[in-house]
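**Q** The amino acid sequence is not available; the structure is as follows:
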Ligand SMILES: [Zn+2]
Ligand SMILES: [Zn+2]
């Protein structure tokens with residue numbers, strides 16, 4: 001098991017009750033008012049994704065760049081989604097939050113991560129999605145993985161985003177094939193690994209019969225973008241006209 005080394009970062013095995021109802025800030029241990037997992041100072045200090053960043057994948061860039069640009073990686077590729085917008089960048093605190101949510105079932109963090117992800121909707125490129133009430137579509141996990149983890153972190157984050165944006169959540173996709181773990185694969189290998197992994201769910205078919213205007217695919221972390229690309233391709237093949245992507249953080 002991995003431990004984050006930050007001083008005051010209070011993860012540990014004896015905190016089951018705290019995990020259910022954390023009375024203290026997850027990052028610094030300060031006492032909290034009801035319903036939050038991070039104190040205002042720690043929440044405010046989380047590293048938001050800031051300009052300049054790639055207009056496709058959200059990869060941040062050092063220095064000044066005028067106008068819109070794609071990173072060298074994305075400018076060589078074509079995508080089924082218009083853009084992916086992470087709300088935060090990777091650091092040990094954001095990584096710790098995701099890790100706790102995903103591998104230690106710290107489900108109470110999903111609301112906080114959803115609130116953070118919802119900040120990404122301030123990006124003006126989401127204007128049509130917000131005005132049109134596009135649904136939030138969580139990246140699905142395969143049922144065998146759900147059996148171990150008991151919840152889908154992307155769905156939980158999407159629920160938090162819904163609370164703060166008013167957009168509906170529609171579980172429009174299902175994972176029909178289990179994929180091997182992607183961590184060590186290249187983008188090309190990942191895409192191959194993901195081919196045929198997703199399909200429209202009954203809810204997805206119902207939604208697209210009602211509206212094909214667009215959807216926002218939601219995930220916890222964006223790394224190579226191949227997972228959301230496979231989801232976007234499935235939605236587009238099902239008749240969805242536009243797909244945008246929102247994630248809590250950039251991996
Ligand atoms: Zn704090
Ligand atoms: Zn890029």
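**A** Happy to help now that I have it. Source: prediction; values computed, not measured. Ligands and ions are numbered 1, 2, ... in the order given.

**Q** Residue of the stretch 101-250 of the chain closest to ligand 1, please.
**A** Taking C-beta to the ion, ligand 1 has its nearest neighbour within the stretch 101-250 of the chain at residue 112, 11.4 Å off. Every residue, glycine included, has its C-beta placed from N, CA and C.

**Q** Can you tell me the closest non-neighbouring residue to that residue?
**A** residue 37 (4.6 Å; C-beta to C-beta, 6 or more residues apart in numbering).

**Q** and that neighbour, what element?
**A** Per DSSP states H and E: residue 37 is located in neither a helix nor a strand.

**Q** And for residue 131?
**A** Under the criterion of DSSP H and E, residue 131 resides in helix 127-132.

**Q** repeat for residue 219
**A** Assigned by DSSP H and E, residue 219 falls within strand 215-222.

**Q** Residue 25 is in contact with the residue nearest to residue 112, correct?
**A** Yes: contact criterion C-beta atoms under 8 Å: residue 37 and residue 25 qualify, at 7.3 Å.

**Q** In terms of neighbours, single out the busier of these two.
**A** The neighbour comparison of residue 37 against residue 25 (other C-beta atoms under 10 Å) goes to residue 37, with 23 against 20.

**Q** tell me which residues form a beta bridge with residue 218?
**A** Counting by DSSP bridges, residue 218 is bridged to residue 138, residue 246.

**Q** and it, how many neighbours does it have?
**A** Applying other C-beta under 10 Å, we find 30 residues neighbouring residue 218.

**Q** So for it, what's the pLDDT?
**A** Looking at residue 218, its pLDDT reads 98.

**Q** same thing with residue 189?
**A** Note for residue 189: predicted pLDDT of 79.

**Q** Could you do residue 21 as well?
**A** As summarised for this prediction, residue 21 has a pLDDT of 56.

**Q** which ones are touching residue 114?
**A** By C-beta atoms under 8 Å, 6 or more residues apart in numbering, the residues touching residue 114 are 156, 157, 158, 159, 160, 161, 162, 163, 164, 248.

**Q** Also residue 174?
**A** Residue 174 makes contact with 140, 198, 199, 200, 201, 204 under the criterion C-beta under 8 Å, 6+ apart.

**Q** Which members of those occur in strands, if any?
**A** Counted as lying in strands by DSSP state E, out of the contacts of residue 174, are 198, 199, 200.

**Q** okay, the residues you listed in a markdown table with neighbour count and pLDDT next?
**A** Shown next, in a markdown table, are the ones in strands among the contacts of residue 174 (neighbours: other C-beta atoms under 10 Å; pLDDT from 0 to 100):
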| residue | neighbour count | pLDDT |
| --- | --- | --- |
| 198 | 25 | 94 |
| 199 | 16 | 95 |
| 200 | 20 | 97 |
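
**Q** wait, which of the residues you listed is closest to ligand 2?
**A** Using C-beta to the ion, residue 198 is the member of those that lies nearest ligand 2, at 22.0 Å.

**Q** Can you tell me, leaving aside adjacent residues, what's nearest to the closest one?
**A** The shortest distance from residue 198 to any non-neighbouring residue, by C-beta to C-beta, 6+ apart, is to residue 234 (4.4 Å).

**Q** ditto for residue 228
**A** residue 245 (4.7 Å).

**Q** The one you found: how many residues sit nearby?
**A** Applying other C-beta under 10 Å, we find 30 residues neighbouring residue 245.

**Q** Contact partners for it?
**A** Neighbour list for residue 245: 81, 83, 84, 85, 216, 217, 218, 219, 222, 225, 228, 232 [criterion: C-beta under 8 Å, 6+ apart].

**Q** same thing but 7 Å
**A** Shown in contact with residue 245 (C-beta atoms under 7 Å, 6 or more residues apart in numbering): 81, 83, 84, 85, 216, 217, 228.

**Q** Return the per-residue confidence for residue 78.
**A** For residue 78, the predicted pLDDT is 90.
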